[in-house]
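Novice: Would you be able to build a 3D model of this:
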Amino acid sequence: MAPRHFIDIGDIDPATLRRIVDAGHEMKRAGKVVPARLRPPGIAEAVLVMIFEKPSTRTRVSFDVAMRQLGGQTIALNHTDLQLGRGESIADTARVLSRYIDAIMIRANSHESVVELGRNATVPVINGLTDKSHPCQVIADIMTFEERKGPIAGHTIAWVGDGNNVAASWAHAASRFGFKLRIASPAQLKPERPVLDWVAAEGAEVLVTDDPAEAVAGADCVVTDTWVSMGHTDAPRRKQMLGPYAVDRDLMRKAGSNAIFMHCLPAYRGNEVSAEVIDGPQSVVFDEAENRLHAQKAILAWCLGKD
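Specialist: Numbers count the residues shown, from 1 in each chain. Prediction:
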């Protein structure tokens, strides 16, 4: 049987994604001890390898703790710990690791590296972040939204800022979970054409604009992200382009009266978001960060064979 990879939200059918989110909610309610019926078979002997080509706080710790709470074990490796760092192919690495362990989570520079890993691995591969998408983050975000607002279907989410990897995963999720998404980005930083073509083909309700006020108007949730991510070398130019897209009190007032604010962190107060917003009563960013743990447990349980 082919392994269950979790590489992009758009790769997985809506019913399965719904079960993953619901399992995340249930695992959170259960606390540190995951009920036996939610744990994958043989989890006590299972090992998750975590590969990091980029530094990480939330992804590293949440996946490590998630696997331990499920009852399994973890190995954390930096890129330089592997022969990948000396030129061994991704395909050979995938084949070798598949003989040793039960699942691979990778936080990679290149999305294609994760796709190739998935093509060649005989165990599940999980995308912990690439330059193109960040699906685990958005599963946690949907959990967080639903804790405050109920099922996300039919609601309106506003993304303000760089149309980056997280924005792409929000676009994939809009199709699969049936919510409306509005993305406000400068023309140079709007989501990439393949993402926009995909959501159009899927019939998702995704609006792309260069006007933050248009995106935020009446929204149930406002989301942003850092302006300068790891690997960007044009920080001054990006900050100049994105200055009008800062989420401050005035912009939040244009959203729905009970709108919440999300940010996947790390955040830079005074750049993409003001301190009064991220530290204010509408902010759910630390619930969002906590839910990475519970979302990861649910994703791992599905990948390792438990519906």
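
Novice: Mind jotting down where the strands sit in the protein?
Specialist: 47-52, 73-78, 103-107, 125-129, 156-160, 180-184, 206-209, 221-224, 260-263 (DSSP state E).

Novice: which strands and helices sit next to the last one?
Specialist: Using 3 or more Cβ pairs under 8 Å, 6 or more residues apart in numbering; DSSP states H and E as the contact definition, the elements that strand 260-263 packs against are helix 135-149, strand 221-224, helix 275-278, helix 285-303. Every C-beta, even on glycine, is put in place using the N, C-alpha and C of the backbone.

Novice: now these as a markdown table including mean neighbour count and mean pLDDT?
Specialist: As requested, the helices and strands packed on strand 260-263 are exported to a markdown table (neighbours: other Cβ atoms under 10 Å; pLDDT from 0 to 100):
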| stretch | mean neighbour count | mean pLDDT |
| --- | --- | --- |
| helix 135-149 | 24 | 98 |
| strand 221-224 | 27 | 98 |
| helix 275-278 | 18 | 98 |
| helix 285-303 | 23 | 98 |
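
Novice: Out of these, the one nearest Ser89 is which?
Specialist: helix 285-303 (23.4 Å; Cβ to Cβ).

Novice: re earlier: and the helices and strands packed on strand 260-263 as JSON lines, adding distance to Gln73?
Specialist: Output for these, formatted as JSON lines (distance: least, Cβ to Cβ, whole Å):
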{"stretch": "helix 135-149", "distance to Gln73": "20"}
{"stretch": "strand 221-224", "distance to Gln73": "34"}
{"stretch": "helix 275-278", "distance to Gln73": "35"}
{"stretch": "helix 285-303", "distance to Gln73": "12"}
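
Novice: out of these, nearest to Val61?
Specialist: helix 285-303 (8.1 Å).

Novice: From the contact counts, what lies against that closest one?
Specialist: Packed against helix 285-303, as judged by 3+ Cβ pairs under 8 Å, 6+ apart, are the following elements: helix 14-30, helix 58-70, strand 125-129, helix 135-149, strand 260-263.

Novice: Repeat the analysis, applying 10 Å as the threshold.
Specialist: The contact analysis (3 or more Cβ pairs under 10 Å, 6 or more residues apart in numbering; DSSP states H and E) places helix 285-303 against helix 14-30, strand 47-52, helix 58-70, strand 103-107, strand 125-129, helix 135-149, strand 260-263, helix 275-278.

Novice: Could you save these as TSV and add columns showing distance to Val160?
Specialist: Output for those, formatted as TSV (distance: least, Cβ to Cβ, whole Å):
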stretch	distance to Val160
helix 14-30	24
strand 47-52	29
helix 58-70	21
strand 103-107	25
strand 125-129	20
helix 135-149	14
strand 260-263	10
helix 275-278	11
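
Novice: Distance of the residue nearest to Ser169 when sequence neighbours are not counted relative to Ala103?
Specialist: Nearest residue to Ser169 in three dimensions, chain neighbours excluded: Val138, at 4.2 Å (Cβ to Cβ, 6 or more residues apart in numbering). As judged by Cβ to Cβ, to the nearest Å, Val138 and Ala103 stand 20 Å apart.
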